[in-house]
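sequence and predicted structure below; questions after.
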There are 4 protein chains.
Amino acid sequence: MKTTTLAIIGGDRRYFAAANQLCTAGVEVSVFGFDDTTPFNLNIHTCKTPEEALTASQYVLLPLPCSNDGKTLNAPLYSGSIPLSVLAEHLTASKTVLGGKPDNTFKTLLREKNIPFIDYLSREEFAVLNAVPTAEGAIEIALHEMPITLSGAKCLVIGFGRIAKVLCHRLASMGAFVTASARKPADLAWIQAYGYTGIHTKDLKEHLSRFQLIVNTVPHLILNEELLNKINQNTLIIDLASKPGGVDFEYAKTLNLNVNWALALPGKVAPQSAGSVICKTVLNIISESEVKV
Amino acid sequence: MKTTTLAIIGGDRRYFAAANQLCTAGVEVSVFGFDDTTPFNLNIHTCKTPEEALTASQYVLLPLPCSNDGKTLNAPLYSGSIPLSVLAEHLTASKTVLGGKPDNTFKTLLREKNIPFIDYLSREEFAVLNAVPTAEGAIEIALHEMPITLSGAKCLVIGFGRIAKVLCHRLASMGAFVTASARKPADLAWIQAYGYTGIHTKDLKEHLSRFQLIVNTVPHLILNEELLNKINQNTLIIDLASKPGGVDFEYAKTLNLNVNWALALPGKVAPQSAGSVICKTVLNIISESEVKV
Amino acid sequence: MKTTTLAIIGGDRRYFAAANQLCTAGVEVSVFGFDDTTPFNLNIHTCKTPEEALTASQYVLLPLPCSNDGKTLNAPLYSGSIPLSVLAEHLTASKTVLGGKPDNTFKTLLREKNIPFIDYLSREEFAVLNAVPTAEGAIEIALHEMPITLSGAKCLVIGFGRIAKVLCHRLASMGAFVTASARKPADLAWIQAYGYTGIHTKDLKEHLSRFQLIVNTVPHLILNEELLNKINQNTLIIDLASKPGGVDFEYAKTLNLNVNWALALPGKVAPQSAGSVICKTVLNIISESEVKV
Amino acid sequence: MKTTTLAIIGGDRRYFAAANQLCTAGVEVSVFGFDDTTPFNLNIHTCKTPEEALTASQYVLLPLPCSNDGKTLNAPLYSGSIPLSVLAEHLTASKTVLGGKPDNTFKTLLREKNIPFIDYLSREEFAVLNAVPTAEGAIEIALHEMPITLSGAKCLVIGFGRIAKVLCHRLASMGAFVTASARKPADLAWIQAYGYTGIHTKDLKEHLSRFQLIVNTVPHLILNEELLNKINQNTLIIDLASKPGGVDFEYAKTLNLNVNWALALPGKVAPQSAGSVICKTVLNIISESEVKV
């Protein structure tokens, strides 16, 4: 059986762990875009140019997100700059690119050259596994910010998707009284099955005043003026929704509410575990494409 | 606002609780098909004939399953017999029938008369909420049959659907070491996120010998001859899969394995809670159809 | 180092597991008082007479309780009879007897011959470890007897000793709402720290009517006429207190209350795990006496 | 019934919550030693001098610890200085002083004047309830410092006293693999009953290398040179032992180990909850002394 080869170009601390674990799993890993290469295993090829890494590899793992400016690769641990166009030069239709949240320019570039692209951010298992460090990050914020213990605290989690499921589980096991809100009967059934108190999202308004911690996980504007007016001043609000967020931050500020908008927690809270999540997802993608072949 | 009217015809002990709770929720309930009507609230109309109950009602709640023989209604608490054809006579297109697992004859009968039918067994929240009494029933069997405590026991749950999710949660919290098997990466991710050990279903064979309790939740033949051969003689096997079941029962018998095929647990283990589940699902169905109108 | 030798005379199924595990731990085990010796490991000496087993052994493990009638050994799996006096004949001051709840006659007999006796029932770790099968037994009864699920059930545990601590932990993790009653501020503090609702035992009366399950763990008459009068007829009462029990059973019967007096659960519910508990306790006793020597 | 009167002199933010809750519970509270008195309820008497507060009160609640220098009261929120001698002048044998960790000089002073003194730090319920914020504080540190999630982390808790019991419970419910070490068979039995892995403290040396988090709760030097040599460099060590601590900090530094000595967590992590603990303990003390009278 042929060894799988993979290049990692750019990315934050998570990609150290991802690289090392992929290497341990038997993948031949080449890396570029890290000034300090000491965290990498000895068996990993630390390359001098992107070309060197790309040429040697069948798979190319790009960071999450691929780019912050639409022009250069997202490589926060590299003092130089890696234009996406330079990267694209060395990619061919025989390589598979794995990346997160590519912008349209980059997608078009890849499509023009018939380069297969897989957005690992959209993989279900990636989202599920990242729910764990996200939930832990929210709990760290709550422990740090609140003058009371989570044990005995009245907590509301808005939404009952992946992150909310894990977060409710952890909050409850820390001794908090957990209420979750949802709209779908099936979600409300799950909330009950797991032993939390369920409320319908449309009834949020009547309940908001009694919580000491409110965590939003829904990626729309949920906590608008009307709802924010109901929230107690001592309540901590954590918004886990990605941009544009689920809270009317401007209005919350005028009410002097304590809102913590916590984004991209996995990479901040537990880069090593978040790196494992990337590694696992990549191994799943590789094993599925090999089955197809 | 008009009061909702509903007839309950036939069914087991769950329908006492369902009737009483629907009544408490403001539904006008008529019942037929129960020799002993003392468990019903005083506000419930106990009728002399199916016709009486049906005529008065906009919704008709039939048991789960509707019929066991394809001819008469499933009414285990009634000494008489209620032919489905007689029932159909008194139904009209202006009534909505709620029932579970109707057979084809009955479905055809209803369709011919344009009578709206909703299978509440297929509702997601019904399945989720019933996962709780099912999981508790499985735990009762395990506690009763095993010579060891669940605390410290090595348990395998095959599949990671609704019942498995709740069962793993309860087993783990009783102190068991929980392993769950699944095929999809997303399911395996959930298994890890909740802290259980995950194994891919295709690798079951290599692991079966080390478990003291094995619970199957997958509705196909999973534990076939090859796999049964790997299971320890002291292991308890509980099959929660509906007919035809997930275990080769014949072969298991020749191996002298202890297999417990546990069907329809909610109604047996916790008829009152299972009745609440029916009540909730019916209320959801009613409220959704009223929104539509 | 000299091998430790130990005789097991009489006892129920737990002593099969205890014997086999002691044997696996390196103890040389001789047994007498079991008609069927097939459950014993091959390395265990199955003896023809008590004398044979006793002569060979430095330690003698007697059942729990030693005797039910004060005259013969408690040997439910033996068709013959083993008088305590015969046993005593073959005991000498150089042997150590381990037994549970010896009556005064037997204690006197041993003391007269200067035979060291250790009551393993009074060992703290024995009581703690047996709390697990006891709690599981109580949960099995609750699951079997109640028409509702434990998930969501309002449960009261009276007392907060060892069994109560484990039972509350398991009930809560099954999704029950757990209240525990105690008198000491420190116990009430533990109840709060573990996230249960605490009530002072003196206030029980005002709260009893709202519980669906009441488990007494206190070994005095707690549920007297006055308190029983407050309990709902649908409530299940489980009494885990050893004789004379914590419930006025006569009066409860006149009220038609459902009381389940559950004694000696570990041996019934999980004989193999309960046997492990005996084995562990015996090994601790042996290792401590060897340190002293 | 006469209203109970109580003076609070000095202390940190916990005493705001304690004062307000005592006031709500019906105690007449006077305070001195806080520059900013806005956090106090309107019903609390904010006094101009210690004399004013003391004269009015039957009970005197002093901070924890009473003094840091043996001469002046511990009043971190007061810009002035309150000599213990001045305080003692206004105390009489008819008042009861509640304080934490008084030094010998102050104890002698009180004894000479026959002033009853109760050290609330030594109350069992105080220690138990403070175990909760302490455990949460340790978890906050772990979440903040470790590059991996607690979910799946291998954690060791040294000792199995009050704090360890709560900490193990919380760590396990966050998804960590929890091992606890103890010496007493009964403690090891509890460790097993709660489902953690137990190791005997004397065997620590052989196991230390495999943990990613080690929390010491034993108030002696446990992690000495020999043991520290066994610990992995990536391991986070949290020492919860009060002075002089349980870790050879000097030697740990030479090994470049990451040691976090976390003292007095309740007041830092959750001052409001820690204030409730003080309030509860004070109410218990008052109610017990009233029973005696």
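Arrived safely, thanks for sending. Numbering: from 1, shown residues only, chains lettered A, B, ... in the order given.

what's the domain layout of chain A?
A:5-122+A:270-292, A:131-262 (automatic domain parsing).

who touches A:E52 in this structure?
Neighbouring residues of A:E52 by C-beta atoms under 8 Å, 6 or more residues apart in numbering or on different chains: A:S30, A:F32. Glycine gets a C-beta too; all of them are placed from N, C-alpha and C.

report pLDDT for it.
At A:E52, the model reports a pLDDT of 95.

ok, back up a step: so which of the domains of chain A gets nearest C:V97?
Nearest to C:V97, of all the domains of chain A, is domain A:131-262, at 45.3 Å by C-beta to C-beta.

is that closest one positioned near chain D?
Yes. Domain A:131-262 lies within reach of chain D by C-beta under 8 Å from any C-beta of the partner chain, at A:132-133, A:136-137, A:139-140, A:143-144, A:146-152, A:170, A:173-175.

now do the SS call for the residue nearest to A:F211 when sequence neighbours are not counted.
Closest residue to A:F211 apart from its sequence neighbours, by C-beta to C-beta, 6 or more residues apart in numbering or on different chains: A:L156 at 4.4 Å. On the three-state scheme (DSSP: H, G, I helix; E, B strand; the rest coil), A:L156 is labelled strand.

what distance do you get for A:L156 to A:A172?
The spacing between A:L156 and A:A172, counted by C-beta to C-beta, to the nearest Å, is 13 Å.

out of these two, which sits in the more crowded spot?
Per other C-beta atoms under 10 Å in any protein chain shown, whichever of A:L156 and A:A172 has more neighbours is A:L156, with 25 against 19.

so A:C23 lies in a helix, does it not?
Yes. Assessed by three-state DSSP, A:C23 belongs to a helix.

distance check, it against chain C.
40 Å (C-beta to the nearest C-beta, to the nearest Å).

correct me, but that residue touches A:V31?
No. Counting by C-beta atoms under 8 Å, A:C23 stays clear of A:V31, with 9.8 Å between them.

so what sits against both of the two?
Contact with both A:C23 and A:V31 is made by residues A:I44, according to C-beta under 8 Å, 6+ apart.

higher neighbour count, the two?
A:V31 (24 against 20).

apart from its chain neighbours, what residue comes closest to the residue of the stretch 101-250 of chain A found nearest chain D?
Closest residue of the stretch 101-250 of chain A to chain D, C-beta to the nearest C-beta: A:S173 (3.0 Å). Excluding the flanking residues, the one nearest A:S173 by C-beta to C-beta, 6+ apart is D:S173, at 3.0 Å.

likewise A:L54?
A:L54's closest residue in space is A:H90 (C-beta to C-beta, 6+ apart), at 4.2 Å.

also A:G137?
Distances taken as C-beta to C-beta, 6+ apart put A:L265 closest to A:G137, at 3.3 Å, once the chain neighbours are dropped.

the one you found and A:I139 touch, don't they?
No. Between A:L265 and A:I139 there is no contact under C-beta under 8 Å: 10.3 Å.

how about low-confidence regions in chain A?
A:1, A:291-293 (pLDDT under 70).

apply 50 and report the result again.
Applying pLDDT under 50 to chain A flags residues A:293.

which stretches of the stretch 51-200 of chain A form strands?
A:59-61, A:96-99, A:117-119, A:154-158, A:177-182, A:197-200 (DSSP state E, counting those that start in this stretch).

what's the fourth one packed up against?
Where contact means 3 or more C-beta pairs under 8 Å, 6 or more residues apart in numbering or on different chains; DSSP states H and E, strand A:154-158 is packed against helix A:162-173, strand A:177-182, strand A:213-216.

swap in 10 Å and give it another go.
Contacts defined by 3 or more C-beta pairs under 10 Å, 6 or more residues apart in numbering or on different chains; DSSP states H and E place strand A:154-158 against helix A:124-145, helix A:162-173, strand A:177-182, strand A:197-200, helix A:204-207, strand A:213-216, strand A:236-239.

okay, now the sheet partners of that strand, with direction.
strand A:177-182 (parallel), strand A:213-216 (parallel) (DSSP bridges).

in the last one, what's buried?
If I follow you right, that is strand A:213-216. Neighbour counts over strand A:213-216 (16 or more other C-beta atoms under 10 Å in any protein chain shown) mark A:L213, A:I214, A:V215, A:N216 as buried.

need these in JSON lines (columns: distance to B:G246).
Formatted as JSON lines, the buried residues of strand A:213-216 follow (distance: C-beta to C-beta, whole Å):
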{"residue": "A:L213", "distance to B:G246": "42"}
{"residue": "A:I214", "distance to B:G246": "43"}
{"residue": "A:V215", "distance to B:G246": "39"}
{"residue": "A:N216", "distance to B:G246": "41"}
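
of these, which is the nearest to D:T96?
The closest of the buried residues of strand A:213-216, once distances to D:T96 are taken by C-beta to C-beta, is A:L213, at 37.8 Å.

can you tell me which residues contact the residue lying closest to the closest one once chain neighbours are set aside?
Excluding the flanking residues, the one nearest A:L213 by C-beta to C-beta, 6+ apart is A:C155, at 4.4 Å. A:C155 is in contact with A:142, A:146, A:167-168, A:171-172, A:174, A:176-180, A:196, A:211-215, A:236, counting by C-beta atoms under 10 Å, 6 or more residues apart in numbering or on different chains.
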